[in-house]
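1. Sequence isn't available, so here's the structure alone:
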């Protein structure tokens, strides 16, 4: 690429005239360039006093003509920029991504107004936007994603030369350490089994949750993939999940085991009992026997989460925010990583090959850490040194016998609604 030094620019956007000093090898020359992008023209003069005078005169005369003949374009509004982005990029986004981008842009428009000029914002406007998001008590991850998605649209508009100024490059999103998003909690194998046992396949209100928890805990899929499972996806020994349901957009495949076939048999029995002839394995209660356009035809994440929390309570398991259905996915990754020593193998098992996800899914397991710390202390101070010693007779410390027995037993339902 020939080095150029811009000396002057005149005219309006889309009809600019530029004066350069161009260097090619040891040769230098003055260059005047004009015309829109993709159809630009230019002329040149020697890099001497006469050439400079002629180039500057041409630049001045041509620039004046360009200014008189050009009509300044209408300023691009925030809403117009979003519309242009959708027309160019919507087809390349998955439906879920498009929904998230749209929600973020609505927040931005509420802050700056749809008819404001897109490239006239300053860095203070962006800082105030971040402050407004924080005031809404949104999760740190939600604030971060909202800012990132609005920034993407502005950067796109800048690349397309729809705006001449983009202050998003100057904004730095800082988050205090104590507010940074913590890794989501996982369900241990024992917790998974306990929750599954606390759900009853013979109860009309619990069989869907039982099937969903079983499939999530065994396969580690994302909840949407399991809840939208359809009978037509089953082909012999495999379940083929179409790409439009999978977050990555790639088709997923599950191998059916004896246990998972049993889960599907339970769902089929209930479909027959409810006289449901639709496509979904875990059909919604409203979809059984009747259909309405406003009703979701399959079991919802919200209902599943509610049943998981109820099962946790019956099983004596503490409810942790954001764990719910996704906790089974993380638990599978943790178990397989522990067994194989290969976290990437574990991620492959759940259909995630992104190495960046390793640190998010591989949470610190306290039982394993505690065992390692105890083993080190035993090596240093002698075996048994870290064991808890009996409390003195006058101590008020609680003993194991003081733990309520109800917290150590699984609740069992005797009510049967077997189809």
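-> Now that the structure is in, tell me what you want to look at. Since the model is a prediction, treat every value here as computed from it, not as a measurement.

2. from here on, contacts and neighbour counts on C-alpha atoms
-> Fine.

3. And the helices in the stretch 51-200 of the chain?
-> Using DSSP state H, counting those that start in this stretch, the helices assigned to the stretch 51-200 of the chain run over residues 78-89, 95-112, 123-135, 140-159, 189-197.

4. Please identify which of those helices is closest to residue 242.
-> Closest to residue 242 of these, according to CA to CA: helix 95-112, at 14.0 Å.

5. From the contact counts, what lies against the closest one?
-> helix 78-89, helix 123-135, helix 140-159 (3 or more CA pairs under 8 Å, 6 or more residues apart in numbering; DSSP states H and E).

6. for the stretch 301-419 of the chain, which spans come out with low pLDDT?
-> 337-419 (pLDDT under 70).

7. quick one on the thing from earlier: TSV for the helices of the stretch 51-200 of the chain, including distance to residue 235?
-> TSV is the format used below for the helices of the stretch 51-200 of the chain (distance: least, CA to CA, whole Å):
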stretch	distance to residue 235
helix 78-89	35
helix 95-112	26
helix 123-135	47
helix 140-159	38
helix 189-197	26
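
8. re the thing from before, most tightly surrounded among the helices and strands packed on helix 95-112?
-> Burial of those is given as mean neighbour count (mean count of other CA atoms under 10 Å); helix 140-159 ranks first at a mean of 17.

9. the bottom helix or strand of the protein by mean pLDDT?
-> helix 358-361 (a mean of 49; mean pLDDT, DSSP states H and E).

10. what does the domain assignment say about the chain?
-> According to automatic domain parsing, the chain comprises the domains 4-69, 78-179, 189-361.

11. Please identify the deepest-packed of these.
-> Highest mean neighbour count of those: domain 189-361, a mean of 17 (counted as mean count of other CA under 10 Å).

12. mind checking how far the closest residue in space to residue 79 that isn't next to it in sequence is from residue 81?
-> Nearest non-adjacent residue to residue 79, counting by CA to CA, 6 or more residues apart in numbering: residue 114, 4.9 Å away. Distance of residue 114 to residue 81, given as CA to CA, to the nearest Å: 10 Å.

13. do residue 177 as well
-> Using CA to CA, residue 177 is found at 35 Å from residue 81.

14. Report the secondary structure state of residue 319.
-> coil (DSSP: H, G, I helix; E, B strand; the rest coil).

15. Tell me who's in contact with it.
-> In this structure, residue 319 makes contact with 309, 312-313, judged by CA atoms under 8 Å, 6 or more residues apart in numbering.

16. from the residues you listed, which ones fall inside helices?
-> Counting by DSSP state H, those place 309, 312-313 in helices.

17. got a list of contacts for stretch 212-222?
-> Identification of contacts with stretch 212-222 by CA under 8 Å, 6+ apart yields 192, 196, 223, 226-227, 254, 260, 263, 282, 304, 325-326, 328-333, 349-351.

18. quick one: average pLDDT of it?
-> Stretch 212-222 comes out with an average pLDDT of 88.

19. again, but for stretch 272-281
-> Averaging pLDDT along stretch 272-281 gives 93.

20. repeat for stretch 32-52
-> Average pLDDT, stretch 32-52: 83.

21. Equivalent analysis for stretch 187-198, please.
-> Rounded mean pLDDT across stretch 187-198 is 88.

22. Can you check the pLDDT for residue 97?
-> The model reports residue 97 with a pLDDT of 85.

23. ditto for residue 5
-> For residue 5, the model assigns a pLDDT of 85.

24. Residue 25 too?
-> For residue 25, pLDDT reads 79.

25. how much space between it and residue 52?
-> Going from residue 25 to residue 52 by CA to CA gives 19 Å.

26. Kindly report the same for residue 18.
-> Note on residue 18: its distance to residue 52, by CA to CA, is 14 Å.

27. Residue 307 too?
-> 80 Å.

28. same thing with residue 42?
-> According to CA to CA, residue 42 stands 15 Å off from residue 52.

29. Repeat that for residue 20.
-> As for residue 20, its distance to residue 52 is 11 Å (criterion: CA to CA).

30. likewise residue 273?
-> Using CA to CA, residue 273 is found at 91 Å from residue 52.

31. same deal with residue 124?
-> 43 Å.

32. Then residue 309?
-> The spacing between residue 309 and residue 52, counted by CA to CA, is 79 Å.

33. neighbouring contacts of stretch 122-136?
-> Stretch 122-136 is contacted from outside by 108, 111-112, 143, 147, 167-168, 170-171, using CA under 8 Å, 6+ apart.
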